[in-house]
Each structure stands twice: as C-alpha cells, then as structure tokens.
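[1] I would like the atomic coordinates for the input below:
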Amino acid sequence: MSITPQLVKENALSLTVEPPECEEDRRILIVDDECSVRNLFAEYLSEKYECTTAASTEEALAHLSVDAYALVISDMNMPGRNGVELLRETVMRFPDTMVIMVSGVDRPQRIRDALRLGAFDYLIKPCELDGLAFSVEKALEKRRLMHTAEKYKADLERQNTELANRKAELERLQAQLVQSEKMASLGQLSAGIAHELNNPAGFIYGNMDLLKTYMKDLSQLLAAYDEIELDPDLALDIRRLKESIHHDELITELASIISDCAEGAERIRDVVQNLRLFSRLDEAEVRQVDLHEGIDSTLRLISRYYSSGHIRLTHAYAKLPLISCYVGQLNQVWMNLLVNAAQAIETDGEVHIITRLEGDFVVVEISDTGRGMNPDDLKRIFDPFFTTKSVGEGTGLGLSISFGIIERHGGTITVKTGIGAGTTFTVRIPIASAKTAGTTGAGSLLDNTWRIESDDL
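    Next comes the predicted model:
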C-alpha cells in the first residue's frame, strides 16, 4: 500500500499523536539488507525516535531478545530468512512490538498475506519518507491505544473484583445483622419464657420435697392406726375399704408419683437455668466467665442431637482462667459447631471437645469423625448462605456468623478436614479481648484472616 504526499496532507490535520511516554515507546528497529536504505530510514526517523539498524532477520531477532522495541520496520526480501519469517517471529515472541513491512513487490496477495500475519502496514519501495513517518506515527498511536485499553481493562477488572468483594462483605454483614436480630429476639423470648417458668417451677420443685415429707408422715400415721385393735365389725369394714382402694399398692404408687414429679420439676428447673445461661441477656456487656460453663449449658440445650446413642461425646477440659467475652455470642458459636459436628456423623461416630491454654489465649477444639469436606467446599465455608447440607437442613449462616463473633472477640477460627477423615474446628480466643467493643458483632471479613488445612490439599 503506497502512501502519497497528498494522503499525508489530507490526514495531517486529523493526526493527533501524543509524544511517547517512555524510552521503550521511542525505540525503532530498522531491518534491511541494503545499508543505504536502512541508514536513510534511521537518519530520517532519528529526529524523533531512537533508531537501531539490522542487516538480517537473525541480527534483528538478536536485538529484540536484548531490548524492547516499539516498532520494527522490515524489508520483505532479504538473504537467508526473509522478512515474512521475521514478522512471524516478532508477532509470536514479541506481541507488544508493532511491525511495518517494506517491499518493492506491489502485489495485492503479498500485501494481504503480510497484514493477515500481523503487520500494521505494508509500504511499497521506494516509499516517501513523509509517508513512512506517517505510518510510523499511526503504528505507535495504535500501540499506545492498545496499552491504554489494556490498562483500562485491568483497572475495570480490579474494580469489578473490589466491587464483588464489597458486595460479598455487605451480604455477609447484612446476613449477620439479620441473624443477630433473630438471636436477640430468640434470647428475649427465651429469657421471657425462663422468667415465666421460673416461679411456678420453683413452687412445684419446692413443694415436692414437702409433699414427700408429708406423705412419709401420713404413712407412719396410717401404720400406727393399723396397730390399734378395733371392733371386729369395724375392722372388717376398714379391711374391705383398704381392699377396694388397693391400699398397699396406693402407698407405693404415691411414693413413685411424688418421686417422678420431683424429677420432672428438677428437669424443668434445669431447662430454665440453661435458657438463662444460654441467652444471658442480663450480660450484654463484656464479662469474665467460665468457658466450660457455656459449653456445657449449650450441650444440654442441644442434647437431642447426642441422645440417639450413635454419637459418643467426650471432652477433655483443661484448667482455664476466666475470660472476658460476650457469653451469649460465644454460646452461639458453640451451638453452631456442635450441631454441625453431630450432623456430619451419618451412622456411628464420636465428637471430641478439647480445651487448653496457649499463652494469652484459650483454645477450644471441636472435632468429629464424620464425612469431612472437600477442598472446594473448604474455600467457601465461611461465606454467607453457603452450605453443604440438604435443602431445609441449614441456612448457610452458622459458620459465617460464628466467624464474625470470634473476630469481634479478637480471636481466630481454623478448620482441618479431609474426605472421610472428619473435621476439626479450632477456636482461639484471647483471655482479655481487645476487640470486644460495640454491640453488633459485625466485623469485617477482610480485616481478619482465617486458615484452612486439608488432607487433600
């Protein structure tokens, strides 16, 4: 394609090329086996660009391997490897470098082949220097536009990633706030029920002891009456009355009934106590508490998961100091982890709870011998709404909420698992938490780190 001075004049007004921005943008490699041609091009273009010359394809590739060039101007016909081979090598190995082909052959097929292989332009010898300069400027302009487009694309991808992360964080925080409100409502309901049940349960439990004592006294009185000698007719009537009411069985049955009622009243009292310990609405501030007390009260509330007989629950409690925490929130963590552990065991298995002291941190390990998790699931277990359970069995919020609660206390949660190898969650909480400030418990997922270990990773 020949470029005439008229074409240069027609396009000169519309040509607005910014000056090169770096040294690489000014480098041009001129390749021609004719010394006069490459020197002519280099001398003309050296006023604006840093020009290097080469007499063959091999020499040109050696230059390209050492330095980065914005543009290669190459002759088509050269001894040895021709310009087409140089074009192919440049496009394949140095895609950031533009190529302008120069040839004395003016055949349309030759031009189409060069452009199809990746050349920016095809100039016919002898080409006018102004036309060459125009083609060089247009090639470098295209290169700058491509760099700008790549930069914009990278910026857009980065912004999209940031937006996606912020969206996920907002969804997590929103889910945590909703769940926190639900737990607060549940806590208020539990506290209300516990308060309403506490007094009548106390009456029943207290009266059972009195009733047992009174029944014992009455039994002694009736036994004393039996020792008195009565008129035969009156004694016969009393014996018939005893037989009609099954007197002997009645005394034994009453004692059993009183004992059962006392046990039932005691269980009601324990449920009320556990509700109060779990909700702890009277402890909305940071308090020093016994961690084991919270774990045990949580276990009593979820005892239905461990009462089937196919799960063996063991624990090894170390001697721990009192820790500063939001008790109700940590109890929620224990509930989520212990329920998950029980649900992970499909047939028979074990759940272990281990506590220990590590420096200024208390450590709680909850492990199960269940089915475990695969690496793909591990990457998302703390994401809101992600769950491996069947539809209706889980909302996917338990671990996400637990993560936020532990983060709020300045602690960490890690998980180690493998397919068929069970799962172990390890929670580390500082004895004196430095981050227990605020009331929402909604920490930033990006401000803290959590670690995953897998036997399959």
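[2] quick one: low-confidence ranges for the stretch 301-450 of the chain?
    376-380, 382-398, 433-450 (pLDDT under 70).
[3] if we go to 50?
    391-392, 394-395, 434-450 (pLDDT under 50).
[4] What segments of it are strands?
    311-316, 323-325, 349-358, 361-368, 412-417, 423-430 (DSSP state E, counting those that start in this stretch).
[5] helices and strands around the fifth one, which ones?
    I take that to be strand 412-417. helix 398-408, strand 423-430, strand 451-454 (3 or more C-beta pairs under 8 Å, 6 or more residues apart in numbering; DSSP states H and E). All C-beta atoms are positioned from the backbone trio N, CA, C, and that covers glycine.
[6] follow-up on the earlier one: can you say which of the strands of the stretch 301-450 of the chain is packed in most?
    strand 323-325 (a mean of 22; mean count of other C-beta atoms under 10 Å).
[7] got the contact list for that strand?
    Here strand 323-325 makes contact (C-beta atoms under 8 Å, 6 or more residues apart in numbering) with 286-289, 291, 362, 409, 429-433, 436.
[8] how about 7 Å then?
    If you take C-beta atoms under 7 Å, 6 or more residues apart in numbering as the criterion, strand 323-325 is touched by V286, Q288, V289, L291, V362, H409, I429, I431, A432, S433, T436.
[9] shouldn't A54 be in contact with H63?
    Yes: look at A54 against H63 with C-beta atoms under 7 Å: they come within range, at 5.8 Å.
[10] Give me the helices and strands touching the longest helix seen in the chain, please.
    What stands out as the longest helix in the chain, according to DSSP state H, is helix 129-226. Helix 129-226 is packed against helix 5-12, helix 35-45, strand 71-75, strand 98-103, strand 121-124, helix 247-279, helix 398-408, with contacts defined by 3 or more C-beta pairs under 7 Å, 6 or more residues apart in numbering; DSSP states H and E.
[11] For G418, find the nearest of the ones you listed.
    The closest of the helices and strands packed on helix 129-226 to G418 is helix 398-408. By C-beta to C-beta, the value is 17.8 Å.
[12] for P79, helix, strand, or coil?
    coil (DSSP: H, G, I helix; E, B strand; the rest coil).
[13] what's near enough to touch the nearest residue to it once chain neighbours are set aside?
    Nearest non-adjacent residue to P79, counting by C-beta to C-beta, 6 or more residues apart in numbering: D33, 6.0 Å away. Shown in contact with D33 (C-beta under 7 Å, 6+ apart): A55, S56, D75, M78, P79.
[14] now the second one: how far from R166?
    Going from S56 to R166 by C-beta to C-beta, to the nearest Å gives 55 Å.
[15] higher neighbour count, those two?
    S56 (18 against 11; other C-beta atoms under 10 Å).
[16] phi, psi of that one?
    Main-chain torsions, S56, degrees, to the nearest 10: phi -150, psi 170.
[17] doesn't N82 make contact with it?
    No: using C-beta under 7 Å, S56 is not in contact with N82, being 9.8 Å away.
[18] Give me the contact list for the following helix or strand past the longest helix of the chain.
    Downstream of helix 129-226, the first helix or strand assigned by DSSP states H and E is helix 232-244. Residues from elsewhere that reach helix 232-244 (C-beta under 7 Å, 6+ apart): L230.
[19] let's see it at 8 Å
    By C-beta under 8 Å, 6+ apart, helix 232-244 touches L230, H247, D248.
[20] Equivalent analysis for stretch 63-73, please.
    20, 24-31, 41, 52, 54, 60, 86, 90, 93-94, 96-100, 102, 132, 136, 139-140, 143.
[21] Any buried residues in it, and which?
    H63, L64, Y69, A70, L71, V72, I73 (16 or more other C-beta atoms under 10 Å).
[22] will you turn those into CSV that also has pLDDT and distance to R269?
    Shown next, in CSV, are the buried residues of stretch 63-73 (pLDDT from 0 to 100; distance: C-beta to C-beta, whole Å):
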residue, pLDDT, distance to R269
H63, 92, 91
L64, 92, 87
Y69, 93, 87
A70, 92, 85
L71, 94, 89
V72, 94, 90
I73, 94, 95
